[in-house]
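[1] Need coordinates for the following:
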Amino acid sequence: MTVMLLYTHAAPRYRSDHLGRLMTWAISDRVARLHPEVQWIRCLVRSRAVMELFRDRDGWEPVRTTQDSTFATVHLMQRRPEAKDGLRALIASPALQART
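    I've put the predicted structure just below:
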């Protein structure tokens, strides 16, 4: 499963919002519940600061840093899917309720 471009604001004053962590949990939970055969979720991150934040705080593992077709630097990352039982209490979304 691939998330083509994952981004959140990495500035310290926004880190308390935990938007990147919430996105990670939602993606990870959905994949774990609906696609148990998937072993890795992969994403592409353009910002080094966001890559470091997702690595250090949210459990994403760096795979490699490379250049895309426009020669911009991109960081390829991955993590294992993980069901989060209490997530539905945080996010009210029909997509999270579907087929679980």
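[2] Give me the nearest residue to the spatially most central residue of the chain, chain neighbours excluded.
    Residue closest to the mean C-alpha point of the chain, counted by Cα atoms, centre = their mean, is residue 24 at 3.6 Å. Using Cβ to Cβ, 6 or more residues apart in numbering and skipping residues adjacent in sequence, the residue nearest residue 24 is residue 58, 4.6 Å away. Quick note: C-beta positions are derived from backbone N, CA and C, even for glycine.
[3] unless I'm mixing things up, the residue nearest to the centre of the chain is touching residue 79, no?
    Yes. Taking contacts as Cβ atoms under 8 Å, residue 24 lies within contact range of residue 79: 7.3 Å.
[4] Which parts of the chain are strands?
    Shown for the chain, the strands assigned by DSSP state E span residues 2-3, 41-45, 61-67, 73-79.
[5] Buried deepest among the ones you listed, which one?
    Ranked by mean neighbour count under mean count of other Cβ atoms under 10 Å, the strands of the chain are led by strand 41-45, which reaches a mean of 21.
[6] in its sheet, what does that strand sit against?
    Strand 41-45 has the following sheet partners, assigned by DSSP bridges: strand 2-3 (parallel), strand 73-79 (antiparallel).
[7] Figure out which of the ones you listed is closest to residue 52.
    Closest to residue 52 of those is strand 73-79 (Cβ to Cβ; 9.0 Å).
[8] show me what contacts the closest residue to residue 83 other than its chain neighbours?
    Taking Cβ to Cβ, 6+ apart, and ignoring the residues beside it in sequence, residue 83 has residue 32 as its nearest neighbour in space, at 4.2 Å. Remark: with contacts taken as Cβ atoms under 8 Å, 6 or more residues apart in numbering, residue 32 is in contact with 81-83.
[9] which stretches of this protein have low pLDDT?
    Low-confidence segments of the chain, defined by pLDDT under 70, span residues 1-18, 89-100.
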